[in-house]
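# structure for this input, please:
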Amino acid sequence: MDGQDSGDNKQSTADMTQFVQTLLQQMQNRFQTMSDSIVQKIDEMGDRINELEQSINDLRTDMGVEGSPSPLSTSKKAVEANIEPKTEEGSA
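I've put the predicted structure just below:
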C-alpha cells in the first residue's frame, strides 16, 4: 500500500502545484488589469489638467492679464528653487 500512497501523494502535490500556479496567474492578470486602469486614469487626469490650464490661460488672455504669471507656473518656479510659495493668511 505504500506504493499507492506515494502515487497519491505525488498526484496530490502535482494538483496543488497546478492550483497554485493557476491562482498566481489569475492574481497577476488582475493586478495587471488594475495597474493598466490606474495608469489610464492618471493619463486622463493629466490631460484634463492640461486642458484646464489652457482654458485658464485663454481666459486670462481674453481678460488682458497676459503679463502676470499663472499661479501654477509661479508654484513650479518656487519648487524648482526650493522655495515655498507665499500664500495669503487664511488660505489653505
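
# tell me what the helix or strand residue 28 falls within is packed against?
In the assignment (DSSP states H and E), residue 28 maps to helix 2-63. The helices and strands touching helix 2-63, judged by 3 or more C-beta pairs under 8 Å, 6 or more residues apart in numbering; DSSP states H and E, number zero. Yep, even glycine has a C-beta here, placed from its N, CA and C like the rest.

# quick one: average pLDDT of it?
When pLDDT is averaged over helix 2-63, the result is 93.

# number the chain from 7, please
From this message on, residue numbering opens at 7, which makes the last subject helix 8-69.

# residue 36 and residue 50, how far apart?
21 Å (C-beta to C-beta, to the nearest Å).

# likewise residue 12?
Noted for residue 12: a distance of 57 Å to residue 50, by C-beta to C-beta.

# for residue 26, same thing?
Computed as C-beta to C-beta, the residue 26 to residue 50 distance reads 36 Å.

# neighbouring contacts of stretch 26-35?
Under the contact criterion C-beta atoms under 8 Å, 6 or more residues apart in numbering, stretch 26-35 has no outside partners.
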